[in-house]
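Asker: 3D, please:
(one chain, ligands or ions: 2)
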Amino acid sequence: MSEVSYDALRAQAAKRDSEDELSAKRAEFELDDTVYLDGNSLGALPTVVQERVADVISRQWGQLRIRSWEESGWWTAPERIGDRIAPLVGAAPGQIVVGDSTSVNVFKALVAAVRMARDSGEGRDEIVVDATTFPTDGYIAQSAARMTGCTLVPVAPGEVHGVLGPRTAVVLLNHADYRTGRLHDLPALTAAVHDAGALVVWDLCHTAGALPVGLDEHGVDLAVGCTYKYLNGGPGSPAYLYVRADLQARFDSPLPGWNSHAEPFGMRPEFEAADGAVRGRVGTPDILSMLALDAALDVWDGVSIEAVRAKSLALTDFFVECVAAYVPEGRVEVITPAAHEQRGSQVALRCEDAGDVMRRLVEHGVVGDFRAPDVLRFGFTPLYVGFADVERAAGVLARTLGETGTGTGIAG
Ligand SMILES: Cc1ncc(COP(=O)(O)O)c(C=O)c1O
Ligand SMILES: Nc1c(O)cccc1C(=O)C[C@H](N)C(=O)O
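Answerer: Ligands and ions are numbered 1, 2, ... in the order given. The predicted structure is shown next:
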């Protein structure tokens, strides 16, 4: 690798940053000199959140106290904030409720989907689950299968077509693989599941806020996702549940709480489900986290998800290009697909001593993460990551690899 290539890639980065229509967004986040490539695990803090949460605590809670359920809009926050997430995932209003964790929403969605599939009168008794899933979805699917008397069919997303049939009740899939960053074909898989007469639940944790999802357009039945990654809602911010409008009347939640009751303050012993997205609620909403998320969503004002996707692909392409230029051949293996239609917003590199390499990268100001046993993960959040960050990260990676393991590395 000659100095000329360094110069060329740095010049390219500077030019791209200067032409980037999203570059001004970075100023809306609390960031420092660190190259933060872990927004696919915990998004950075949007500055606006601090003063808004301070107001929620000091005025809404501190002064208005219980009046805030009405006067500060606390009671309706789960659906109101759901409607703010809706355009980012291609959903019309009235179909998303915010609350609980992704794990809990996976449970609600799966069991409700099995119940709906059985309502249609056929003997559907199989839950198909992504065998490469983030573990929590797999654990919940195992439990949901036991509870509903279904058989669990774990299969890689690419092989889903082969197992679909008259016994399939529901298919649970991750839109992007958390480890490799592979993007699965949501339109085609949704259509295939529907052709088999079953329902599909998509986990959007790694795609919401990173690329267009098109829930309504593709006729998705149910979807869940977290808000602390590309939506920057903060640690433990509440997740969301999407139930397509025409399925809501049949959505029979396995966790019917007083918040999903048609008349919550009637305090009646019999459960009667509310209409609409409210039906996906359980108990009292986690207001502090929810309103932090509400404030964090302000950064999306005026941003198109298509522009975010275009920049995300440019960033990940550029990272792969810089890694290929700077890192000695064979030292790392790119396990994220090269094809754009198969790539989320992260690049994963396989590397023998990945845990040690990531620890050193973090020490040198490049924050990604390590996933066992041998994966370096780098997430690219287009709202605050720039092309110069990408070039710098690849340079630091090359130097770090030179300090560890068997590679020679290079200077940058
Ligand atoms: C694909 C996926 N699903 C679910 C989760 C877990 O969600 P939660 O901890 O909100 O239940 C994560 C990450 O934590 C994830 O990456
Ligand atoms: N939710 C997390 C947490 O509470 C602590 C640490 C990491 C996480 C994550 O989100 C992990 C992430 N879903 C992943 O893709 O690995």
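
Asker: tell me who's in contact with His161.
Answerer: Ala192 (CB atoms under 8 Å, 6 or more residues apart in numbering). The way it works is simple: take the backbone N, C-alpha and C, and place the C-beta from them, glycine included.

Asker: give me the low-pLDDT residue ranges for this structure?
Answerer: Under the criterion pLDDT under 70, the flagged ranges of the chain are 1-4, 121, 404-412.

Asker: can you point me to the longest strand in it?
Answerer: Looking across the chain with DSSP state E, the single longest strand is strand 168-174.

Asker: span of stretch 195-202 from start to end?
Answerer: 17 Å (CA to CA, to the nearest Å).

Asker: in the next helix-or-strand element following the longest strand of the chain, which residues are buried?
Answerer: Counting by DSSP states H and E, the element after strand 168-174 in chain order, helix or strand, is helix 186-195. The neighbour-count check on helix 186-195 (16 or more other CB atoms under 10 Å) flags 186, 189-190, 192-194 as buried.

Asker: quick one: those residues as TSV, columns for distance to ligand 2 too.
Answerer: Listed next are the buried residues of helix 186-195 as TSV, based on distance: CB to the nearest ligand atom, whole Å:
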residue	distance to ligand 2
Leu186	18
Leu189	20
Thr190	22
Ala192	25
Val193	24
His194	28
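
Asker: wait, which of the residues you listed is closest to ligand 1?
Answerer: Leu186 (13.8 Å; CB to the nearest ligand atom).

Asker: list the contacts of the closest one.
Answerer: The contact partners of Leu186, by CB under 8 Å, 6+ apart, come to 175, 202, 213-214, 218, 220.

Asker: how near is the residue in the stretch 101-250 of the chain positioned nearest to ligand 2 to Leu231?
Answerer: Closest contact between the stretch 101-250 of the chain and ligand 2, by CB to the nearest ligand atom, is at Tyr178 (3.6 Å). Counting by CB to CB, to the nearest Å, the separation of Tyr178 from Leu231 is 16 Å.

Asker: run through the neighbouring helices and strands of the longest strand of the chain.
Answerer: Applying 3 or more CB pairs under 8 Å, 6 or more residues apart in numbering; DSSP states H and E, one finds that strand 168-174 makes contact with helix 102-119, strand 126-130, helix 135-148, helix 186-195, strand 199-203.

Asker: in TSV: these, plus distance to ligand 1.
Answerer: Converted to TSV, the helices and strands packed on strand 168-174 look like this (distance: least, CB to the nearest ligand atom, whole Å):
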stretch	distance to ligand 1
helix 102-119	3
strand 126-130	9
helix 135-148	5
helix 186-195	14
strand 199-203	5
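
Asker: quick one, which of the ones you listed is nearest to Ser253?
Answerer: Of all the helices and strands packed on strand 168-174, it is helix 102-119 that lies closest to Ser253, at 5.5 Å by CB to CB.

Asker: the inter-axis angle of that closest one versus strand 126-130?
Answerer: Calculated by axes from the mean of the first three to the mean of the last three CA atoms, to 10 degrees, helix 102-119 forms an angle of 150 degrees with strand 126-130.

Asker: okay, the angle between helix 102-119 and strand 199-203?
Answerer: Interaxial angle, helix 102-119 versus strand 199-203 (the same axes, to 10 degrees): 170 degrees.

Asker: buried sites along helix 102-119?
Answerer: Applying a neighbour-count criterion of 16+ other CB under 10 Å, the buried positions in helix 102-119 are 102-118.

Asker: next one: stretch 272-284
Answerer: Within stretch 272-284, the residues scored as buried using 16+ other CB under 10 Å are 273-274, 276-282.

Asker: select, from the residues you listed, the two members most distant in space.
Answerer: For the buried residues of stretch 272-284, the maximum inter-member distance is 15.3 Å, found between Gly276 and Val282 (CB to CB).

Asker: strands along the stretch 201-350 of the chain, start to end?
Answerer: Counting by DSSP state E, counting those that start in this stretch, residue ranges of the strands within the stretch 201-350 of the chain are 222-225, 240-243, 333-334, 346-350.
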